[in-house]
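**Q** What shape does this take:
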Amino acid sequence: MGAGHSLQSRLAQHDKLLQKLTGPDSIEYSSDFWQQLFDLQSPLASQDPAIVQDALLPHCRQLLVHNPITHNFQKLVLHTLDLASTAANGEPPWAVANSLHMVAVVVKVVLETCSTGTLAVMFELGPAFAEAVQGQSSSLPLFMHGLVTLICRLQASDELSYLVLLEAALLLLVCASTQLYTQHTAAPRGTHPLLEPLMEQQQLSAALVSALLGLVVACQPMPTKLALHSPPTRSRPTVMRLVRSAAATVFWIPLRTYQYIVRQKHPHDGAGSPLSDLALTLLLVLAHYPAHHAQLQNGVRQGLHQLQDTGSLAAASPRNGQAAGSVSSFSFARLYDYFAAGPQSEGSTLLLYTLLHGCKSFQEYVLVRSDPETLLVPVLQQLYRANKRRANHLYMLQIIILILSQDTSFSHNIHKVLLPGSVTWYQERMLQKISLGSLVFVVLLRTVHKNVGQLQDLYLPTNTLAALANLAPQVISLHSHAAQRLVGLTALLARRWLKISQSSAAGDVVLSPPPQDLQVLGDFLRILLEVINCILALNLARNPDLVYALLHKQEVFAQLRGQQGLTDLVNNLQVRSPRCA
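**A** As a prediction, this is how the structure comes out:
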């Protein structure tokens with residue numbers, strides 16, 4: 001309460017300044033007014049967004065009315081760029097944080113209440129600004145260049161630089177939030193008047209990717225002397241508190257919306273790193289922006305795809321004649337350690353998927369590492385806790401395993417890695433002396449078992465079975481529990497498939513499911529039978545536990561003999577005793 005009243009009193013003292021900024025009179029660019037405007041003695045980000053909104057929202061509306069004549073917003077942007085330029089040189093004044101915050105509030109209000117064309121007009125410059133902007137017709141290129149340069153150059157060495165980086169990243173995220181108000185992904189040029197100039201900063205894209213990755217991997221906690229606003233405790237929330245929290249967050253709505261898409265912790269929840277979380281969200285939003293125009297390329301996405309290891313010769317010698325500064329580089333070892341030991345969030349999983357899928361250099365680095373368990377075990381642990389994950393998170397985890405399983409050497413090496421001790425997070429059974437490859441089989445089979453029953457989401461079991469099929473030729477010393485799960489799941493699908501087949505043949509309309517369900521079950525069953533056949537055909541002597549598990553389920557496989565499309569596979573598994581021969 002004290003902090004809120006303190007800010008209200010300061011804003012009340014600045015009310016005349018705010019009225020002058022948003023009023024009908026134009027303010028000289030060289031006036032002392034601008035220094036007085038930003039001098040609040042405390043960062044706006046440390047206050048309750050509801051209070052900031054109550055104080056600034058009426059002025060934002062007035063600014064929309066008078067700015068076409070006064071051009072005061074353009075002058076506010078130019079002074080913010082001047083402060084950002086000073087901060088980028090390593091001397092950030094306190095005023096830069098508040099100026100970035102004010103611009104973000106205005107931009108967000110315009111995005112929510114007006115068209116994107118109105119926002120573009122607010123950045124247009126007339127002849128009066130010729131000296132300040134070197135004759136450019138819009139301040140948007142300078143605006144984006146200044147923000148990107150600030151993030152690339154400034155180091156979070158103290159609480160002030162940390163705050164400035166946080167405000168700059170938040171402002172860029174607000175600028176990218178025009179995607180939230182677009183109905184179609186392939187929007188025509190001009191739909192995103194702030195994002196498009198950002199994408200045109202090709203000369204800084206590589207540096208921006210490296211800088212954001214550095215902020216993400218550093219996971220630098222918030223300085224103790226920097227007190228940012230924290231939401232109220234979540235115990236016994238009331239309806240009014242929830243409504244007020246949702247509606248009054250002027251500045252954080254784009255961040256919260258994006259983080260709902262890639263579920264992150266709120267930047268101020270717990271003892272995490274607000275700057276790392278925000279940099280991760282910003283990097284993902286920019287990298288996955290669909291630049292559909294032929295003359296517009298997504299430099300951030302290209303920077304991630306062309307990322308080179310700072311410790312490799314490739315980073316020092318860019319390919320295809322590219323200039324050294326045009327190729328983003330970062331330590332792959334630091335990235336690997338971040339994914340192995342960092343936060344297990346949807347955002348970090350999406351970044352790992354993006355790099356493995358699009359960056360050939362990073363994928364090769366991961367595949368040749370001699371410690372695959374440091375990366376793969378956390379991924380398996382997240383997949384194991386599927387009930388606590390959203391479907392899109394599970395998809396990314398599965399595709400990560402699928403990408404890795406496509407490499408023969410990787411699939412072979414994981415069966416040679418024996419995990420020390422027991423797998424403590426696996427609850428169904430104590431797993432000791434299990435190889436990494438067997439653990440992959442156990443978790444993937446468990447995932448299929450939990451999702452194949454309803455047959456509503458076929459994407460999940462299909463990708464999982466594809467990964468198992470990729471791993472099958474390299475399986476050696478399969479753990480007994482993995483063998484039992486493999487044979488048990490195959491027997492379960494076999495019994496269900498036989499029951500449905502018999503019901504369909506008998507014309508039982510009540511019990512027989514749709515024909516496509518029978519086809520899907522048959523395909524899944526065949527894939528599992530092919531996996532077992534592949535393991536036995538290539539490494540029979542090295543997988544005795546799988547043979548024992550098959551012996552215990554012979555009666556199920558015997559019922560599949562003679563079934564169309566399965567006979568050849570079942571005959572290889574049908575073991576006859578000497579007495580029956």
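**Q** Which elements pack onto the helix or strand hosting Leu63?
**A** Secondary-structure assignment from DSSP states H and E places Leu63 in helix 49-70. Applying 3 or more C-beta pairs under 8 Å, 6 or more residues apart in numbering; DSSP states H and E, one finds that helix 49-70 contacts helix 2-13, helix 15-22, helix 72-88, helix 94-113, helix 116-122. Any C-beta I mention is one placed from the backbone N, CA and C, and that applies to glycine too.
**Q** Between helix 72-88 and that helix, find me the angle.
**A** 120 degrees (axes from the mean of the first three to the mean of the last three C-alpha atoms, to 10 degrees).
**Q** So for helix 49-70, what gets flagged as buried?
**A** If you call a residue buried by 16 or more other C-beta atoms under 10 Å, then helix 49-70 has these buried ones: 49-53, 55-56, 59-60, 62-64, 66-67, 70.
**Q** and if you look at stretch 76-92?
**A** Leu76, Val77, Leu78, His79, Thr80, Leu81, Leu83, Ala84, Ala87, Ala88, Pro92.
**Q** follow-up on the earlier one: which stretch among the helices and strands packed on helix 49-70 approaches Ala45 most closely?
**A** helix 94-113 (6.1 Å; C-beta to C-beta).
**Q** Now do that closest one, average pLDDT.
**A** Throughout helix 94-113, pLDDT has a mean value of 87.
**Q** got the angle between it and helix 49-70?
**A** 80 degrees.
**Q** Helix 94-113 vs helix 15-22, what angle?
**A** Using the same axes, to 10 degrees: helix 94-113 against helix 15-22 is 60 degrees.
**Q** What helices and strands are in contact with helix 94-113?
**A** Counting contacts by 3+ C-beta pairs under 8 Å, 6+ apart, helix 94-113 is packed against helix 33-38, helix 49-70, helix 72-88, helix 116-122, helix 159-176.
**Q** Dump those helices to JSON lines, plus distance to Pro223.
**A** Output for those, formatted as JSON lines (distance: least, C-beta to C-beta, whole Å):
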{"stretch": "helix 33-38", "distance to Pro223": "21"}
{"stretch": "helix 49-70", "distance to Pro223": "21"}
{"stretch": "helix 72-88", "distance to Pro223": "16"}
{"stretch": "helix 116-122", "distance to Pro223": "33"}
{"stretch": "helix 159-176", "distance to Pro223": "4"}
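**Q** Distance to Gln203 and mean pLDDT for those helices - can I get that in a markdown table?
**A** Converted to a markdown table, these look like this (distance: least, C-beta to C-beta, whole Å; pLDDT from 0 to 100):
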| stretch | distance to Gln203 | mean pLDDT |
| --- | --- | --- |
| helix 33-38 | 29 | 87 |
| helix 49-70 | 31 | 84 |
| helix 72-88 | 15 | 90 |
| helix 116-122 | 23 | 85 |
| helix 159-176 | 17 | 91 |
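**Q** can you tell me which of these comes nearest to Leu458?
**A** By C-beta to C-beta (comparing all of the helices and strands packed on helix 94-113), the closest turns out to be helix 159-176, at 33.5 Å.
**Q** name the helices or strands packed onto that closest one?
**A** Checked by 3+ C-beta pairs under 8 Å, 6+ apart, helix 159-176 has helix 72-88, helix 94-113, helix 140-153, helix 195-199, helix 253-261, helix 274-287 packed alongside it.
**Q** give me that answer again for 7 Å
**A** Here helix 159-176 touches helix 94-113, helix 140-153, helix 195-199, helix 253-261, helix 274-287, going by 3 or more C-beta pairs under 7 Å, 6 or more residues apart in numbering; DSSP states H and E.
**Q** Just the buried positions in stretch 412-429, please.
**A** Buried, per 16+ other C-beta under 10 Å, within stretch 412-429: Asn413, Ile414, His415, Val417, Leu419, Val423, Tyr426.
**Q** Now pLDDT too, for the residues you listed, in TSV please.
**A** Formatted as TSV, the buried residues of stretch 412-429 follow (pLDDT from 0 to 100):
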residue	pLDDT
Asn413	95
Ile414	96
His415	94
Val417	95
Leu419	94
Val423	93
Tyr426	93
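**Q** So which of these sit within helices?
**A** Asn413 (DSSP state H).
**Q** Near Val209, how many other residues are there?
**A** 27 (other C-beta atoms under 10 Å).
**Q** and Glu124, what are its bridge partners?
**A** Under the criterion DSSP bridges, Glu124 forms beta bridges with Ser138.
**Q** May I ask you to confirm that it is in contact with Gln136?
**A** No - using C-beta atoms under 7 Å, Glu124 is not in contact with Gln136, being 9.9 Å away.
**Q** hmm, back to that, nearest to Lys360 among the buried residues of stretch 412-429?
**A** After measuring the buried residues of stretch 412-429 against Lys360 - C-beta to C-beta - the closest member comes out as Asn413, at 19.4 Å.
**Q** Can you tell me the number of residues neighbouring the closest residue to that closest one other than its chain neighbours?
**A** Spatially, and ignoring its direct neighbours in sequence, Asn413 is nearest to Pro372 (6.4 Å; C-beta to C-beta, 6 or more residues apart in numbering). Using other C-beta under 10 Å, Pro372 has 20 other residues around it.
**Q** Look up how far Leu444 lies from Pro372.
**A** Taking C-beta to C-beta, to the nearest Å as the measure, Pro372 falls 15 Å from Leu444.
**Q** Please apply the same query to Ser345.
**A** 22 Å.
**Q** Pro141 too?
**A** 49 Å.
**Q** what about the two, which has more around it?
**A** Per other C-beta under 10 Å, whichever of Pro141 and Leu444 has more neighbours is Leu444, with 27 against 16.
**Q** The more buried one: helix or strand, and which one exactly?
**A** Per DSSP H and E: helix 436-451 holds Leu444.
**Q** Of all the residues in that helix, which ones are buried?
**A** 436-449, 451.
**Q** how about those residues, which pair is most distant?
**A** Top of the distance list for the buried residues of helix 436-451 (C-beta to C-beta): Leu436 and Asn451, 22.8 Å.
**Q** my guess is Ile399 contacts Asn463, does it?
**A** Yes - with contact defined as C-beta under 7 Å, Ile399 counts as touching Asn463 (6.3 Å).
**Q** you'd agree Leu213 is in a strand?
**A** No - assigned with DSSP: H, G, I helix; E, B strand; the rest coil, Leu213 falls outside any strand and is helix.
**Q** Contact partners for it?
**A** Contact analysis of Leu213 by C-beta atoms under 7 Å, 6 or more residues apart in numbering lists Phe330.
**Q** separation between it and Leu283?
**A** Taking C-beta to C-beta, one finds Leu213 at 7 Å from Leu283.
**Q** what helix or strand is the residue most central in space within the chain on?
**A** The chain has Gly347 as the residue nearest its centroid, 2.8 Å off, counting by C-alpha atoms, centre = their mean. Secondary structure assignment for Gly347, by DSSP H and E: helix 346-358.
**Q** when you compare where the helix or strand following that helix runs with where helix 346-358 runs, what's the angle?
**A** Per DSSP H and E, the first helix or strand lying C-terminal to helix 346-358 is helix 360-368. Interaxial angle, helix 360-368 versus helix 346-358 (the same axes, to 10 degrees): 100 degrees.
**Q** Any buried residues in helix 360-368, and which?
**A** Buried residues in helix 360-368 (16+ other C-beta under 10 Å): Ser361, Phe362, Gln363, Tyr365, Val366, Leu367.
**Q** what angle do the helix or strand just after it and helix 346-358 make?
**A** Once the chain leaves helix 360-368, the next helix or strand it forms, by DSSP H and E, is helix 373-384. Put simply, helix 373-384 runs at 120 degrees to helix 346-358, going by the same axes, to 10 degrees.
**Q** Name the surrounding residues that touch helix 373-384.
**A** Contacts of helix 373-384 (C-beta under 7 Å, 6+ apart): 336, 339-340, 344, 366, 389, 394, 397, 400-401, 414, 417, 419, 425-426, 436, 439-440, 443, 447.
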